[in-house]
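In: 3D, please:
(chains A and B)
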Number of protein chains: 2
Amino acid sequence: MDNRVILTPLKRIFNPKGDIYHVMKSSDIGYRGFGEAYFTTINKNEIKGWKKHNRMTLNLVVIVGRVKFVIYDEITRKFSTVILSPTNYQRLTVNPQLYLAFKGLKENNIILNIANLQHDPYEVENLDILKINYEW
Amino acid sequence: MDNRVILTPLKRIFNPKGDIYHVMKSSDIGYRGFGEAYFTTINKNEIKGWKKHNRMTLNLVVIVGRVKFVIYDEITRKFSTVILSPTNYQRLTVNPQLYLAFKGLKENNIILNIANLQHDPYEVENLDILKINYEW
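Out: Here you go, the predicted structure:
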């Protein structure tokens, strides 16, 4: 993976009444402050992206379904990819200045983002999915 | 509701590829700083609780299923109850010094907690579910 993309395995703690899934602590690597938390869902075979944040660091976990994330670094021209799910339960930290797109692989897919900034349309650049050539 | 319990309606933003669900911004009422975020799941008809945090403020949303929350204030001896789900999508802020228990009403129920402190077993008091008399 690109050194501005961090993948952190997370604990899932068994409980007979219902498991606990860690997401993030303020002392964790990748934590850059709290601005906003939100869920984004992605329907099966749909792709959201490309989106480049100029200042926001994303911290992403997949609590339902299975999602393929693709990160494109326009400086090195390299792609990083990872598939996350509650089974492959890891946190994906995406630094600013990288393009991100993601695809839903199951019927229902839910992603949580813990972001260091509040949503601000002026710090995001949107690019049509066809403008960066990736074989989905 | 008790004045130490806040219920905040949250936006769900329609998107044809998959909706967005707000959770919390650092400027929101009920935000007391970021210590840790984690998911807790609760199986159908199971109850987790009672638990009283001495210093932690909880901020709870239900992104999957349907969960009944019951809060007990041992000073006023009053109960507050609310049922949350992705349909009745609100954030439940629970101040410290209140007892909380919750019950799973659907097959799969997923709760996100944005807490102002990292998990610390020494600031939590656990009480057997039968020790506070509530008709579930």
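
In: so what does the strand or helix carrying residue A:23 touch, helix or strand wise?
Out: With elements taken from DSSP states H and E, the one containing residue A:23 is strand A:20-25. Contacts defined by 3 or more CB pairs under 8 Å, 6 or more residues apart in numbering or on different chains; DSSP states H and E place strand A:20-25 against strand A:12-13, strand A:58-64, strand A:110-115, strand B:36-41. Placement of C-beta: from N, CA and C, glycine included.

In: can you put those in TSV and add distance to residue A:128, mean neighbour count and mean pLDDT?
Out: Listed next are the helices and strands packed on strand A:20-25 as TSV, based on distance: least, CB to CB, whole Å; neighbours: other CB atoms under 10 Å in any protein chain shown; pLDDT from 0 to 100:
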stretch	distance to residue A:128	mean neighbour count	mean pLDDT
strand A:12-13	37	12	97
strand A:58-64	20	23	98
strand A:110-115	21	24	98
strand B:36-41	32	22	98
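
In: how about those strands, which one is nearest residue A:89?
Out: The closest of the helices and strands packed on strand A:20-25 to residue A:89 is strand A:12-13. By CB to CB, the value is 5.6 Å.

In: CSV for the helices and strands packed on strand A:20-25, including distance to residue A:101?
Out: Listed next are these as CSV, based on distance: least, CB to CB, whole Å:
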stretch, distance to residue A:101
strand A:12-13, 27
strand A:58-64, 12
strand A:110-115, 12
strand B:36-41, 24
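
In: before we move on, the earlier item: now what about the strand holding residue A:23, what contacts it?
Out: Residues outside strand A:20-25 that contact it (CB atoms under 8 Å, 6 or more residues apart in numbering or on different chains): A:10-13, A:30-31, A:59, A:61, A:63, A:86, A:89, A:91, A:112, A:114, B:35-41, B:112, B:118.

In: in contact with residue A:112, which residues?
Out: For residue A:112, the contact set (CB under 8 Å, 6+ apart) comprises A:23, A:37-39, A:60-61, A:63, B:23, B:37, B:112.

In: pull the number of nearby residues for residue A:100.
Out: Residue neighbour count, defined by other CB atoms under 10 Å in any protein chain shown, stands at 20 for residue A:100.

In: verify the stated contact: it with residue A:74.
Out: No. With contact defined as CB atoms under 8 Å, residue A:100 does not reach residue A:74; the gap is 12.0 Å.

In: re earlier: and of the contacts of residue A:112, the nearest to residue A:49?
Out: Among those, and counting by CB to CB, the member closest to residue A:49 is residue A:60, at 12.6 Å.

In: what is that closest one paired to in the beta sheet?
Out: With DSSP bridges as the criterion, residue A:60 is bridged to residue A:92, residue A:113.

In: same deal with residue A:69?
Out: On the basis of DSSP bridges, residue A:69 takes part in beta bridges with residue A:82, residue A:102.

In: from what I can see it touches residue A:100, true?
Out: Yes. Residue A:69 is within contact range of residue A:100, at 6.8 Å (criterion: CB under 8 Å).

In: how much space between residue A:72 and chain B?
Out: 19 Å (CB to the nearest CB, to the nearest Å).

In: show me what contacts the residue of chain A most remote from its centre?
Out: Here chain A reaches farthest from its C-alpha mean at residue A:16, the gap being 29.0 Å by CA atoms, centre = their mean. Residue A:16 is in contact with no residue at all, counting by CB under 8 Å, 6+ apart.

In: confirm it sits in a strand?
Out: No. Per DSSP: H, G, I helix; E, B strand; the rest coil, residue A:16 lies outside any strand segment and is coil.

In: how much space between it and residue B:132?
Out: Distance, residue A:16 to residue B:132, using CB to CB, to the nearest Å: 21 Å.

In: so, low pLDDT: which residues of chain A?
Out: Scanning chain A for pLDDT under 70 picks out the ranges A:1-3.

In: let me see the contact set for the most centrally placed residue in it.
Out: For chain A, the residue nearest the mean C-alpha position is residue A:60 (3.7 Å; CA atoms, centre = their mean). By CB under 8 Å, 6+ apart, the contact set of residue A:60 is A:69, A:84, A:91-94, A:111-113.

In: which of these sits closest to chain B?
Out: Chain B lies nearest to residue A:112 out of the contacts of residue A:60, by CB to the nearest CB, at 6.7 Å.

In: relative to residue B:45, how far out is the closest one?
Out: Residue A:112 is 26 Å from residue B:45, where distance means CB to CB.
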